[in-house]
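Student: give me the fold of what follows.
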Amino acid sequence: MTLLPMTDATLDPLSPPEIEALFTRADGQYLFARWGRPIVPVVFGVEDQTVSILKGAIEAVVALAGHKMAETDPELGANLMVFFIRDWSELVETPNLDRLLPDLPGIVARLQDADANQYRSFRFDEAGGIKAAFVFICMDEAMSAVPAETIALSQVVQTILLWSDTAFLGTSPLAVVQKDGPAVLKPQIADVIRAAYDPVMPVAATDPPHALRLAARLPRPS
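Tutor: Residues are numbered from 1 along each chain as shown. Predicted structure coming up:
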């Protein structure tokens with residue numbers, strides 16, 4: 001999968017306050033995390049063609065970040081689980097899913113009340129890095145109208161880092177460059193992902209000055 005020409009001289013890099021907002025949660029807490037181990041994906045509920053699209057998006061975003069994938073996770077087997085469903089009630093009926101999502105009935109009730117069509121849950125290691133992520137996509141009418149490539153890229157981008165719960169409420173990390181075509185990753189978001197995976201950067205941070213360190217690693221227009 002091609003993400004996008006990842007540089008655009010016409011776009012200014014995000015400012016430190018803009019980056020800080022991407023990782024500042026609704027309660028005011030700054031909370032950043034990246035994957036601390038290779039990503040091992042598994043996909044449920046779709047045909048092989050869609051599985052290939054999703055795994056292609058994962059490979060592309062992981063390559064962008066300079067991170068790694070693996071065949072298996074020694075602790076969990078698979079650590080990025082993606083579920084496609086038709087109705088949130090299916091989650092309650094899925095065997096053993098309550099082991100992954102404590103308070104599963106409560107989560108389902110909140111998703112139904114919010115008329116949501118996607119949900120992501122993360123697990124973290126002792127250093128605060130991401131060690132597992134569970135992604136649920138409810139294929140309602142709105143989601144069914146979106147190209148599979150766009151769904152895949154959007155979910156992977158929003159899972160490669162622990163973004164704020166409000167980071168993309170008013171905007172999207174993707175952009176449409178061709179009418180009726182799949183969306184592509186915005187260069188400015190791509191730059192933040194690359195900076196976040198710089199080896200000298202921590203896998204997790206709770207201090208807002210971390211955003212300044214990210215900003216210092218963004219490419220500057222020539």
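Student: okay, buried residues for the lengthiest helix in the chain please.
Tutor: Taking DSSP state H as the assignment, the helix of the chain that covers the most residues is helix 48-65. If you call a residue buried by 16 or more other Cβ atoms under 10 Å, then helix 48-65 has these buried ones: 50-51, 53-58, 60-62, 64-65. Yep, even glycine has a C-beta here, placed from its N, CA and C like the rest.
Student: which strands or helices does it pack on?
Tutor: Counting by 3 or more Cβ pairs under 8 Å, 6 or more residues apart in numbering; DSSP states H and E, the packing neighbours recorded for helix 48-65 are strand 41-44, strand 80-85, helix 148-160, helix 187-196.
Student: tell me how far the helix or strand just after the third one lies from the chain's centre.
Tutor: In other words, helix 148-160. Heading C-terminal from helix 148-160, the first helix or strand you meet, by DSSP states H and E, is strand 174-175. Using Cα atoms, centre = their mean, to the nearest Å, we find the averaged C-alpha position of strand 174-175 to lie 14 Å away from the chain's own average C-alpha position.
Student: which outside residues touch strand 174-175?
Tutor: Counting by Cβ atoms under 8 Å, 6 or more residues apart in numbering, the neighbours of strand 174-175 from elsewhere in the structure are 4, 150, 153-154, 157, 183-186.
Student: again, only using 10 Å
Tutor: Contacts to strand 174-175, defined as Cβ atoms under 10 Å, 6 or more residues apart in numbering, come from residues 3-4, 150, 153-154, 157-158, 168, 182-189.
Student: pairing partners for that strand, with directions?
Tutor: Strands that pair with strand 174-175, judged by DSSP bridges, come out as strand 184-185 (antiparallel).
Student: where does Ala26 land in three-state SS?
Tutor: Under the three-state scheme (DSSP: H, G, I helix; E, B strand; the rest coil), the conformation of Ala26 reads as coil.
Student: tell me, how many residues neighbour it?
Tutor: Counted with other Cβ atoms under 10 Å, the burial measure for Ala26 works out to 9 neighbours.
Student: give me the phi and psi for it.
Tutor: Backbone geometry at Ala26, expressed as degrees, to the nearest 10, gives phi -60, psi -30.
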